[in-house]
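1. What would the 3D arrangement of this be:
(chains A and B)
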Number of protein chains: 2
Amino acid sequence: MFTCNKKSVEEKIKKFSQIGDDHRGGITRYSLSKEDEMARDYFVERMKEIGAIITTDDFANMYATLPGSDPTKKGIVMASHIDSVKNGGNYDGVLGVISAMEVLQTIKRENIPHERNITAMIWTNEEGSLYPPAIMVSGMLTSPYLPPEIAKNYEVEKMMNSKSVIDNKTTFREALSKFKYLGTKENRLSSDKYIAMFEAHIEQGPILEANKNDIGVVKCVLGMVNYTIRAVGEANHAGTTPMSYRKDALFAMSKVIQIIHEELDKLPSDLVYTTGQLSIHPNVHTVIPDEVSIMIDIRHESPDVIAEAVKVLNNLPKEVYGCHIEVEVGWTRDTVYFDKQLVNFIEQSVKELGYKYQFINSGAGHDAQFASYMLPTAMIFAPSAGGRSHCDEEYTSLDHCTMLASVLLNAVLKCDKE
Amino acid sequence: MFTCNKKSVEEKIKKFSQIGDDHRGGITRYSLSKEDEMARDYFVERMKEIGAIITTDDFANMYATLPGSDPTKKGIVMASHIDSVKNGGNYDGVLGVISAMEVLQTIKRENIPHERNITAMIWTNEEGSLYPPAIMVSGMLTSPYLPPEIAKNYEVEKMMNSKSVIDNKTTFREALSKFKYLGTKENRLSSDKYIAMFEAHIEQGPILEANKNDIGVVKCVLGMVNYTIRAVGEANHAGTTPMSYRKDALFAMSKVIQIIHEELDKLPSDLVYTTGQLSIHPNVHTVIPDEVSIMIDIRHESPDVIAEAVKVLNNLPKEVYGCHIEVEVGWTRDTVYFDKQLVNFIEQSVKELGYKYQFINSGAGHDAQFASYMLPTAMIFAPSAGGRSHCDEEYTSLDHCTMLASVLLNAVLKCDKE
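-> The predicted model follows:
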């Protein structure tokens, strides 16, 4: 068994946490920003040191490759992202890239023989924080392999015209065309060149920590549906309209949210659902709201459980406190299972290293879920302290970060032998 | 008894509804806008026709005065506003100005003798739609007469720096300095010059219509409190956080809204309360909300009932679904009773005209409530169809509009004799 070097991992975590430092404990590093460029400069510098070959594709995805001894064999890629949400943490995404860099450095340092090319890869624009949506580039790159109802959400022309949420003007296309690391199409990740993709990542949830486990062997990315629920009432003056005359859309929506929790909580307890987004009209303190919409996001491994949850939404009362209730599907995606053989390589590696582990599902979306439609793919999780993520408090201990890299290293080496 | 002319009222309603026409049935006519200027041009043109003397003050309030036969006597002013909310209706405010114009035209046409100066007045920026807050100018003008805790909300320097909600740059002061009808301080409404102010207005509620009454004789403007209620939870990832680990601020707030309705509905049924404004953070569909705030507006004539309602807010649970609940007072104002003698003039006029009427409270705020601290003041309401206001559907029948003007005319003539 090989293990990665804790000091070397620590140095990288520190370095990346300074590039886009938000001075609150975390970072803001949008894809295709100046900070993104600086982080990639560092990646290139460290990878060139060990003789890795650097290429970039037409989406600015970056690849650092240590050539294997058998050029006829397909390569292995270890990929994640280095962009963050606004005021995000120092681990989400970047820890996967750090782990991949660490694997290559360890192979070089320990002079570990390998037949296949081994590549550390950076996906562009995973978070979609500046140019929505999330997992945009993996969606475009793998779209020929995706089910049509998913692929249509990542149509290249539409994605390229995604506008900056800051200036509402600059398109993803424009930002890409000016980006230092823009490359060419033939360098894209493909199943012709690669036999497998691994993504190491933080859990972003509390399960590994609660179970005192060091590593999560990820079985799947949960299926998910997204619905919009709308309450339509009547706007009226707050001071002049007796209570009995009102059709208050916020009052109605507050009841709908209570009903949703009451009913969905009857389903299996590992179902997760979130009403994170709400809009209210006219949103003036002296006017009774006439329209309130929420978006609900529901995730579970089993399509049957998802179907039951959707039934709850469709069975919501059509009228609440005089307001009309409308339910509309946004999008749905099925559970994506990772490649059994790769998952097995990961499990064997964790066992041999003697780390405590468990199988786990990913509730979050990742580039790996799209890559898995194109080539065998798997993910490895490290624990997130308190389950916190996408915030300054996001934290994974250095021991766990190093274990994550070590598991990745051994899994890749097992795959190399196949 | 004198009555106003229906055709003449109709002509004015039509004319004003074209100035700022939003082509949806209503108008958008912000104070100090081009549309405001055009509406005032029309006011000036019609008032000059009957020989009224036009003056404007340093807040751009406008006055059209028919001189009375006894210059030693104080005058009577009939005032309302011509600005609107965004996509407002064709009656709120402007009908009071139309009624005042109609009174002066009728006095001229019928050659009705009067000892006192009689003035039609336009208040600047009643709605506060572009430059908040509402009833801003009457607040500034009467502030020496207001209770200190109210006056402090209308401090001139602060109001003058109120920024346009559209460009977030232009101040009320700048807009005022460029406005065609800016005048001088000595022209301001004052208790030295006037003995009484009347404001004719639409009800903006459904009570007169429901009771099949033509006119509301307004007793008071309801006391009101404004509180902010905040639920503070914890932001986490929608896909990776099991339900039992969540502190969902929107779920908590939905429960708080339910509790508020349950408890406040036990109080007298003429209490009105509204949660019209809500903010949610971070408002992203994949993130559990960590903070949701609502503003609640509570109105009732009796300070005891208001106190009971406030007790309900202060007794809200301090923790709901793991979220911390905070309650904070925004502002409070007492019920303002109108001048008994003026109210009596209005009631006598309605009776003599044979219209169906009732006493009513105003749930909405009006310039008249501030004016009443400075000089005897009273209001008259016309019915609002369906109780709708601040929207395109706002409507008052032409018959009711004309009745409103006729009542105003006769009440003013009674006052003239005092």
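2. domain ranges for chain A?
-> For chain A, automatic domain parsing gives the domain ranges A:6-222+A:335-416, A:223-333.
3. Next one: the residue nearest to the spatial centre of chain A from residue A:92, what distance?
-> Of all residues in chain A, the one closest to the mean position by CA atoms, centre = their mean is residue A:366, 3.4 Å from it. Applying CB to CB, to the nearest Å, the value for residue A:366 to residue A:92 is 10 Å. Bear in mind the C-beta positions are built from the backbone N, C-alpha and C, glycine included.
4. so what's in contact with those two at the same time?
-> Residues touching both residue A:366 and residue A:92 by CB atoms under 8 Å, 6 or more residues apart in numbering or on different chains: residue A:201.
5. rewinding a little: need the per-residue pLDDT for the residue nearest to the centre of chain A.
-> We note a pLDDT of 96 for residue A:366 in this prediction.
6. List the residues that contact it.
-> A:126, A:135, A:199, A:201, A:221, A:379 are the contacts of residue A:366 under CB under 8 Å, 6+ apart.
7. give me that answer again for 10 Å
-> A:79-81, A:93, A:96, A:123, A:126, A:134-135, A:138, A:199, A:201, A:204, A:218, A:221, A:336, A:372, A:377, A:379 (CB atoms under 10 Å, 6 or more residues apart in numbering or on different chains).
8. which residues of the stretch 201-350 of chain A fall in strands?
-> Here the stretch 201-350 of chain A has its strands, by DSSP state E, counting those that start in this stretch, at A:215-221, A:223-232, A:272-281, A:291-300, A:319-320, A:323-333, A:336-337.
9. Mean neighbour count, distance to residue A:189 and mean pLDDT for these - can I get that in a markdown table?
-> Listed next are the strands of the stretch 201-350 of chain A as a markdown table, based on neighbours: other CB atoms under 10 Å in any protein chain shown; distance: least, CB to CB, whole Å; pLDDT from 0 to 100:
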| stretch | mean neighbour count | distance to residue A:189 | mean pLDDT |
| --- | --- | --- | --- |
| strand A:215-221 | 24 | 18 | 97 |
| strand A:223-232 | 20 | 24 | 96 |
| strand A:272-281 | 22 | 30 | 96 |
| strand A:291-300 | 23 | 26 | 97 |
| strand A:319-320 | 16 | 49 | 98 |
| strand A:323-333 | 16 | 21 | 93 |
| strand A:336-337 | 18 | 17 | 96 |
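10. Double-check that residue A:380 belongs to a strand.
-> Yes. According to DSSP: H, G, I helix; E, B strand; the rest coil, residue A:380 belongs to a strand.
11. coming back round to it: quick check on the residue nearest to the centre of chain A: phi, psi?
-> Note on residue A:366: its backbone torsions stand at phi -140, psi 160 [degrees, to the nearest 10].
12. neighbours of residue A:66, just the number please.
-> 22 (other CB atoms under 10 Å in any protein chain shown).
13. ok, it touching residue A:104?
-> Yes. Here residue A:66 reaches residue A:104: they are 5.4 Å apart, a contact under CB atoms under 10 Å.
14. Need the strands of the stretch 201-350 of chain A in a markdown table (columns: distance to chain B).
-> Shown next, in a markdown table, are those (distance: least, CB to the nearest CB, whole Å):
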| stretch | distance to chain B |
| --- | --- |
| strand A:215-221 | 9 |
| strand A:223-232 | 7 |
| strand A:272-281 | 4 |
| strand A:291-300 | 4 |
| strand A:319-320 | 12 |
| strand A:323-333 | 9 |
| strand A:336-337 | 13 |
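15. so which of those strands gets nearest residue B:13?
-> With CB to CB as the criterion, residue B:13 lies closest to strand A:272-281 of these, at 27.9 Å.
16. Which strands or helices does the closest one pack on?
-> strand A:223-232, helix A:249-264, strand A:291-300, helix A:303-314, helix B:249-264, strand B:272-281 (3 or more CB pairs under 10 Å, 6 or more residues apart in numbering or on different chains; DSSP states H and E).
17. Compare those and give me the one nearest residue A:149.
-> strand A:223-232 (12.2 Å).
18. Please compute how far that closest one lies from its chain's middle.
-> Offset of strand A:223-232 from its chain centre (CA atoms, centre = their mean, to the nearest Å): 21 Å.
19. now stretch A:95-105
-> 18 Å.
20. coming back round to it: which one of the strands of the stretch 201-350 of chain A lies closest to residue B:9?
-> Closest approach to residue B:9 among the strands of the stretch 201-350 of chain A is made by strand A:272-281 (33.3 Å; CB to CB).
21. before we move on, the earlier item: adding distance to residue A:12, write the helices and strands packed on strand A:272-281 out as TSV.
-> Shown next, in TSV, are the helices and strands packed on strand A:272-281 (distance: least, CB to CB, whole Å):
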stretch	distance to residue A:12
strand A:223-232	32
helix A:249-264	41
strand A:291-300	31
helix A:303-314	38
helix B:249-264	35
strand B:272-281	32
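22. Nearest approach to residue A:52 belongs to which of these?
-> strand A:223-232 (35.8 Å).
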